[in-house]
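In: Compute the structure for the input listed below.
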Amino acid sequence: MKLFLDTNVFFDYVLKREGHYEDAYSLIALINAKRLTCITNPNNFQHVFFLLSRHIGSRGAKHYLSVLRKIIGCATYDANTVDRALARSVPTDLEDGITLELALATGSDVLITRDERGFVSGSIEAMNARAFVDNFFVR
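Out: Predicted structure coming up:
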C-alpha cells in the first residue's frame with residue numbers, strides 16, 4: 001500500500017502540533033513498523049526546515065529531517081504537474097491540486113490529510129491519519 005502524506009499531517013508530526021501530533025505520530029509509527037510506502041511533496045521538507053531550525057538549530061533540523069526522510073519518500077514534479085493542478089476545478093486550492101496530482105502521479109492508494117473535504121474528486125481515497133490507522137488494524 002502506498003500513502004501520500006499531505007502537508008498538514010507532515011507538519012503535525014514534525015512540529016508536534018497540539019491536538020494533531022498523536023494521530024500523526026501513530027501514522028508514522030505504523031508506516032515505519034509495517035514498512036508501508038509513504039510519499040510527500042518534497043517542498044514540505046524545505047518549508048518545515050525553516051520552522052524547525054528556529055527551535056533546534058540548522059544542524060539539528062537537518063539531522064531530524066534526514067532521519068524522517070528514510071521513512072517518507074519525495075515525489076517529483078515539474079511544470080506539467082503545476083499545469084494539471086491549475087486546470088482542475090476541484091480542488092480549488094492550488095496547493096491541494098498539486099498534492100492531488102502528485103498523489104495520482106505516484107500511484108498512491110490513499111491520501112492522508114486533515115482536509116478530506118478538499119479532496120472530494122473521487123480519484124483517490126482521502127482520509128485522516130486516525131481513520132487510516134484504525135482501518136489498517138481492522139483489515
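In: Which stretches in the protein count as helices?
Out: Secondary structure of the chain, counting by DSSP state H: helices at 7-15, 21-34, 43-69, 79-87, 94-105, 129-138.
In: starting at the chain centroid, how far to the fifth one?
Out: When distances are taken as Cα atoms, centre = their mean, to the nearest Å, helix 94-105 is centred 11 Å away from the chain's centroid.
In: tilt between that helix and helix 7-15?
Out: Here the directions of helix 94-105 and helix 7-15 differ by 90 degrees (axes from the mean of the first three to the mean of the last three Cα atoms, to 10 degrees).
In: Please identify the buried residues of helix 94-105?
Out: Using 16 or more other Cβ atoms under 10 Å as the test for burial, helix 94-105 gives 95-105. Quick note: C-beta positions are derived from backbone N, CA and C, even for glycine.
In: And for the second one?
Out: The neighbour-count criterion (16+ other Cβ under 10 Å) identifies 23-24, 26-28, 30-31 as the buried residues of helix 21-34.
In: and of those, the nearest to V48?
Out: A24 (12.2 Å; Cβ to Cβ).
In: which parts of the lowest-mean-pLDDT helix or strand in the chain are buried?
Out: In the chain, no helix or strand scores lower on mean pLDDT, DSSP states H and E than helix 129-138, which sits at a mean of 87. Residues of helix 129-138 classed as buried by neighbour count (16+ other Cβ under 10 Å): 129-130, 132-133, 136.
In: Repeat that for stretch 62-76.
Out: Quick answer for stretch 62-76 (16+ other Cβ under 10 Å): 64-65, 68, 72, 75.
In: now the end-to-end length of it.
Out: Taking Cα to Cα, to the nearest Å, stretch 62-76 runs 20 Å from one end to the other.
In: so where's this protein shaky on pLDDT?
Out: Counting by pLDDT under 70, the ranges of the chain that qualify are 137-139.
In: For stretch 114-126, could you pull out the residues that count as buried?
Out: So for stretch 114-126, counting by 16+ other Cβ under 10 Å, buried means 114-115, 118-119, 126.
In: Need the max-distance pair from the buried residues of stretch 62-76.
Out: Y64 and A75 (20.7 Å).
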